[in-house]
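J.: quick one, structure for this:
(chains A and B)
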2 protein chains.
Amino acid sequence: MSLARALVEAYWEAAEARDWDRFASILSADVVYESPQSRERVTGRDAYLRYNVEGFTDDWHLVLERVVAEDRAAVSWITVTRGDGERQTGVCFFELGADDLIARLADFWPERYEVPGSRAHLVERD
Amino acid sequence: MSLARALVEAYWEAAEARDWDRFASILSADVVYESPQSRERVTGRDAYLRYNVEGFTDDWHLVLERVVAEDRAAVSWITVTRGDGERQTGVCFFELGADDLIARLADFWPERYEVPGSRAHLVERD
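T.: Below you'll find the model as predicted:
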C-alpha cells in the first residue's frame, strides 16, 4: 500500500473517532490546510487541530468512499452526515512532507445544484 | 507514467482543443459519466460526446492543475475560465475499463462560499 493511502485512511479514521492525538500524529508540524472555495487557510499542526476540534462541533460522522493514491499524494472522497441529518460530499487532495506525514491539504465541499435547462435533454437523472 | 494519468492528460488536452474525435477515442463505448451534485448521468460514448459538445457551448478554456493517479484510476483538478470570465474549479474521478479506456467519471464542481462566522477566528484568509 502507498504511504499516502495509509496516512489518508488513518487520518479519516482518527477524525471519525475524534482521536485527536492520533490525528495530530499524522500531521507535519507545519501542515498547511487550504479550502480554495472559501479561501480559508490554516497553518501549523496546533492551529489545524484547533480548527477541527473547535470549528465543527455538531455530531457529524463520515464514511470514506474512495481513495486514489500515489506514493506521496492522494485524494479522498468522503460522505459526511451532519448533526441535522444533511449529507455532504467532501473531496480532499493530500500531499506528504519530507517527514512522511501529511503536509498539505486542499479541501473541497461541492454542494448540490440543479441541472441547467440548456442541457437537461442530454442527461438521465437518478 | 500510469495509464490512467496518460489518459486523463489526453482527455483534458482533447477537450481544450475541441478535438472531439480524439476525445471519443479515449472513452469506452459504454462509458458512464456522473455528476453526484446534480444527479446527472450520461451513458455511452455517443451520448457523452453529445453532452460535451452540445451542453457547454460558451467559450470555455481549461487548465489542468493537478492529477493524482494510480495505474487504473486517477483524479484531476482543473480550473475552467468560462466565456463570461468566471473561473471555476472542477474535480473529476476517473476509472479505466477492461479496454484500457476511460469507463467511469464522477465529476464535481465546487462553488465559492463564505466562511461561517463560527470558525472565522480559526483561519487565515487570502
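
J.: what about the spatially most central residue of chain A, which helix or strand?
T.: Using C-alpha atoms, centre = their mean, the residue of chain A that lies closest to the mean C-alpha position is A:Cys92, 4.3 Å off. Mapping A:Cys92 onto the secondary structure by DSSP states H and E places it in strand A:87-96.

J.: pretty sure A:Asp59 is touching A:Gly83, no?
T.: Yes. In terms of C-beta atoms under 8 Å, A:Asp59 counts as a neighbour of A:Gly83; the distance is 4.1 Å. Where you see a C-beta, it was placed from the backbone N, CA and C, and this is true even at glycine.

J.: and the pLDDT for the residue of chain A positioned farthest from its centre?
T.: Note on chain A: the largest C-alpha distance from the chain mean falls to A:His121, namely 33.8 Å (C-alpha atoms, centre = their mean). In the predicted model, A:His121 carries a pLDDT score of 90.

J.: element containing the nearest residue to A:Ala15 once chain neighbours are set aside, please.
T.: For A:Ala15, the nearest residue in space outside its immediate sequence neighbours is A:Phe23; the separation is 6.0 Å by C-beta to C-beta, 6 or more residues apart in numbering or on different chains. Per DSSP H and E: A:Phe23 is located in helix A:20-25.

J.: which residues does that helix contact?
T.: Outside helix A:20-25, the residues that touch it by C-beta atoms under 8 Å, 6 or more residues apart in numbering or on different chains are A:10-11, A:14-15, A:45, A:49, A:52-53.

J.: Serialize these to CSV and add fields for secondary structure and distance to A:Leu96.
T.: Supplementary listing: the contacts of helix A:20-25 in CSV, determined by DSSP: H, G, I helix; E, B strand; the rest coil; distance: C-beta to C-beta, whole Å:
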residue, secondary structure, distance to A:Leu96
A:Ala10, helix, 12
A:Tyr11, helix, 11
A:Ala14, helix, 16
A:Ala15, helix, 18
A:Arg45, helix, 14
A:Leu49, helix, 18
A:Asn52, helix, 19
A:Val53, helix, 23
